[in-house]
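# structure for this input, please:
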Amino acid sequence: MKTELKNAIEFRNPIFVEVFDKNGKLKSVHECVNGVVDEGIEHMLDRTFNSATDEPTWYIGLMNASPTLAAGDTLTSHSGWTEFTAYSSPATRQTWSNGAAATRAVTNATTADFTISGGASTVSGIFVCTESTISGPGTSEILWATAEFASAASVTGGDTLKVTYTVSG
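Numbers count the residues shown, from 1 in each chain. Next up, the predicted model:
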């Protein structure tokens, strides 16, 4: 009798965001999980199973209000959402400085911090990609994952978003 082993790998990874006002007071907390897009999964499979060794640097970007996410999104083609760019620090998308894998997970060693500039606005999600330039997707860059917050984060100039991202399997 033949026995089938059925496994499923799901990358539903937790994201934790805190919004602080310009005085350092906690304004709100947002949690959600991401859905990894087809391009990101294919990249992971290529790097893991096709002996590629040139692992890229990953960056976290922010999304404007009311995104519509799709598994077919790429960094150059994502008609359901736009990038939130009203932050002054850093001047690029924030590096996801992940630590070493442990207990089947990798998380950033320090939060990815974004200092908001301008007036009142809304941040509704994040994305993880291999391009650091704000609103500047290169044609060969990879979009790994996207995530919409359960509730949008209301922000204003001087606020800081602190993002923690974990990949687990």
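# in the longest strand along the chain, which residues are buried?
When the chain is parsed with DSSP state E, its longest strand is strand 143-155. The neighbour-count criterion (16 or more other C-beta atoms under 10 Å) identifies Leu143, Trp144, Ala145, Thr146, Ala147, Glu148, Phe149, Ala152, Ala153, Val155 as the buried residues of strand 143-155. (Each C-beta comes from the backbone N, C-alpha and C, glycine too.)
# return the list of helices and strands in contact with it.
strand 14-20, strand 26-33, strand 35-36, helix 38-49, strand 121-129 (3 or more C-beta pairs under 8 Å, 6 or more residues apart in numbering; DSSP states H and E).
# and if we set it to 6 Å?
Using 3 or more C-beta pairs under 6 Å, 6 or more residues apart in numbering; DSSP states H and E, the elements in contact with strand 143-155 are strand 14-20, strand 26-33, helix 38-49, strand 121-129.
# re the thing from before, possible to save the buried residues of strand 143-155 as a markdown table with pLDDT?
Converted to a markdown table, the buried residues of strand 143-155 look like this (pLDDT from 0 to 100):
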| residue | pLDDT |
| --- | --- |
| Leu143 | 91 |
| Trp144 | 88 |
| Ala145 | 88 |
| Thr146 | 92 |
| Ala147 | 91 |
| Glu148 | 92 |
| Phe149 | 92 |
| Ala152 | 93 |
| Ala153 | 95 |
| Val155 | 96 |
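# got those residues as a markdown table, with distance to Val167 columns?
Output for these, formatted as a markdown table (distance: C-beta to C-beta, whole Å):
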| residue | distance to Val167 |
| --- | --- |
| Leu143 | 14 |
| Trp144 | 9 |
| Ala145 | 8 |
| Thr146 | 14 |
| Ala147 | 12 |
| Glu148 | 18 |
| Phe149 | 18 |
| Ala152 | 24 |
| Ala153 | 22 |
| Val155 | 25 |
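# what's the closest of the helices and strands packed on strand 143-155 to Gly61?
Gly61 sits nearest to strand 121-129 of all the helices and strands packed on strand 143-155, at 5.0 Å, using C-beta to C-beta.
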